[in-house]
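J.: take a look and give me a structure for this.
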Amino acid sequence: MDPCQFLKIVIGNLAIKFPGSNPPSSCYCRIKFKDLTPQSAAIPVIPSDVTHPDSGSHSVSACFNLSKSDVEKLIAAKKNSSKKPATNTILKVDVYDGSGSGSGCGFGSSGKYLGRVTVPLEFSAQVLESKNGTVVLNGWVLVGERKNKGLNPQVFVSVKVQPDPRFVFAFDGEPECSPQVFQVKGNARQPVFSCNFSCRQPADWISRSSSETSTSRSWLSSLKVDKDHHHHQSKERKGWSITIHDLSGSPVAAASMVTPFVPSQGSDWVSRSNPGAWLIMRPGDGTWKPWGRLESWRERAGTDGVGHRFELIPDVGVPASVMGPTGITLAQGSVPARSGGKFSIDITTGPSPASSPNSSIDFGSWNGSGSASSSGSEPGPGAGWWAGLVYRGFVMSSTVGGEGKPSRPEVEVGSQHVACAEDAAVFVALAAAMDLSMDACRPFSQKLRKELRQNSGEFVV
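T.: Numbering: from 1, shown residues only. Below you'll find the model as predicted:
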């Protein structure tokens with residue numbers, strides 16, 4: 001089945017210049033579209049006599065994603081609207097002076113409002129079918145009311161609407177109930193994977209991957225269970241695993257809980273200082289090969305959520321300067337514990353975690369890639385896919401159910417990252433691990449469903 005049609009609205013190449021000789025030292029903006037979450041970005045301040053931003057500073061500042069049904073609703077709204085264009089197809093960029101905020105670029109609420117830039121967007125069936133996308137704007141725009149022309153600052157902004165096809169997968173039940181996984185396109189659904197959830201000791205998985213220790217640095221030792229440290233714990237959630245099988249029954253991906261989820265001393269919660277961890281694996285050479293590591297914990301400061309950090313475990317040959325203690329961080333954040341939300345890996349905006357620390361996402365050529373630019377270095381021996389920077393742009397997202405609520409994750413994977421069933425399956429396994437982490441991070445005073453309590457080491461009350 002073909003991927004589903006999605007569109008992304010990419011905003012970047014931002015710069016601002018002011019008339020006169022006393023411009024602010026820093027500026028930022030809030031970018032809004034429809035009822036989607038607003039996004040903030042810094043705007044470099046450049047001299048007033050510069051006609052075009054530095055060509056070396058091309059970067060993506062914000063990106064909004066739309067499904068085919070979202071676009072079709074916008075097209076229908078345009079037909080029914082008496083306004084040209086319809087108000088719900090206008091991109092809004094609110095510009096602020098961040099000089100006096102005292103906090104970096106002033107992304108808080110203390111910046112002085114300078115004015116708004118509006119960019120009308122046109123959506124049609126042709127935009128959905130386009131392969132290269134449409135450049136909506138690439139130039140200078142006056143900030144605020146035009147009656148103040150000559151006094152107002154000008155913002156350089158590039159806006160492009162481009163296709164972003166994705167494969168969509170839906171669990172037919174909760175991951176701990178070993179459901180089928182369907183590929184979805186519109187109203188069509190076809191089974192592609194099955195899941196097998198079980199509770200076992202982490203050592204069962206570690207022994208399967210022992211052949212990897214000679215070539216994958218010290219990540220394995222860091223994931224082994226510290227039995228002495230956890231011996232005193234009266235409660236722990238451990239040994240959960242989920243294996244993804246293709247339609248022939250062959251295992252194509254797996255997620256295994258390799259570090260138990262235990263409450264921090266004197267509390268009922270899994271803390272950030274002692275998170276639980278999953279190892280996400282792919283089959284290869286007759287064994288399981290590590291692909292990624294997901295850490296999860298319960299956030300208690302400020303908001304009640306389940307924090308997470310996902311690290312890619314690369315092939316050998318990746319410079320240590322771009323790696324964390326165990327891998328390359330691709331995603332970190334928090335999902336509201338009660339309401340749930342989305343887990344996502346999206347390297348469209350900001351500095352790319354999979355490139356040099358000072359690089360940003362380059363779309364200066366406007367070829368529609370919107371992806372991380374290569375560092376230019378030659379791949380070292382064994383670097384594998386690392387040198388090609390496979391993971392760029394939108395990578396994946398999955399829905400995550402709230403605490404105590406039935407959850408059937410829906411997973412979106414960028415089509416550019418799927419060349420075979422195993423490529424898709426590893427993201428399905430990651431989505432299952434994130435969803436199961438919501439249960440693993442629940443207070444230990446709460447009773448889990450029976451599928452999660454078997455041999456888990458948790459007291460049943």
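J.: for burial, what's the neighbour tally of residue 237?
T.: Residues within reach of residue 237, counting by other C-beta atoms under 10 Å, total 26. From N, CA and C alone the C-beta is placed, and that goes for glycine too.
J.: now the closest residue to it other than its chain neighbours: how far from residue 296?
T.: Spatially, and ignoring its direct neighbours in sequence, residue 237 is nearest to residue 261 (4.3 Å; C-beta to C-beta, 6 or more residues apart in numbering). Residue 261 sits 8 Å away from residue 296, going by C-beta to C-beta, to the nearest Å.
J.: what is in contact with these two at once?
T.: Taking C-beta atoms under 8 Å, 6 or more residues apart in numbering as the contact criterion, the residues that touch both residue 261 and residue 296 are 270, 275-276, 437, 440-441.
J.: before we move on, back to that, for the residue nearest to residue 237, give me its contacts.
T.: 236-238, 270, 275-276, 296, 437, 440-441.
J.: can you pull the pLDDT of residue 376?
T.: With respect to pLDDT, residue 376 scores 32.
J.: before we move on, what about the one 3 residues further on?
T.: Residue 379 carries a pLDDT value of 30.
J.: likewise residue 456?
T.: Per-residue pLDDT puts residue 456 at 46.
J.: residue nearest the centroid of this protein?
T.: By C-alpha atoms, centre = their mean, the chain has its centre lying nearest to residue 345, at 2.1 Å.
J.: just the closest of the shared contacts of residue 261 and residue 296 to residue 291, please.
T.: Nearest to residue 291 among the shared contacts of residue 261 and residue 296: residue 437, at 17.0 Å, using C-beta to C-beta.
J.: immediately after the lowest-mean-pLDDT helix or strand in the chain, which helix or strand?
T.: Taking mean pLDDT, DSSP states H and E as the measure, the helix or strand of the chain with the lowest value is strand 371-372, at a mean of 32. Per DSSP states H and E, the first helix or strand lying C-terminal to strand 371-372 is strand 393-400.
J.: so residue 331 touches residue 307, yeah?
T.: No. Counting by C-beta atoms under 8 Å, residue 331 sits too far from residue 307 to count as a contact (11.3 Å).
J.: show me what contacts the residue nearest to the centre of the chain?
T.: Counted by C-beta under 8 Å, 6+ apart, residue 345 has contacts 310, 330-331, 391, 395-397.
J.: tell me the spacing between it and residue 76.
T.: Noted for residue 345: a distance of 32 Å to residue 76, by C-beta to C-beta.
J.: do residue 124 as well
T.: Between residue 124 and residue 76 the distance is 12 Å, computed by C-beta to C-beta.
J.: buried set for stretch 151-166?
T.: For stretch 151-166, burial by neighbour count (16 or more other C-beta atoms under 10 Å) applies to 152-166.
J.: pick the one among these closest to residue 91.
T.: Distance to residue 91 across the buried residues of stretch 151-166 (C-beta to C-beta) is lowest for residue 159, with 6.5 Å.
J.: contacting residues around that closest one?
T.: For residue 159, the contacting residues are 9-11, 91, 119, 121, 135-138, by C-beta under 8 Å, 6+ apart.
J.: now do the helices in the stretch 251-400 of the chain.
T.: Using DSSP state H, counting those that start in this stretch, no helices are found in the stretch 251-400 of the chain.
J.: neighbours around the closest residue to residue 71 other than its chain neighbours, how many?
T.: With sequence-adjacent residues excluded and distances taken as C-beta to C-beta, 6+ apart, residue 71 is closest to residue 123, at 5.3 Å. The local packing of residue 123 (other C-beta under 10 Å) involves 23 other residues.
J.: I'm done for today, thanks for sticking with me.
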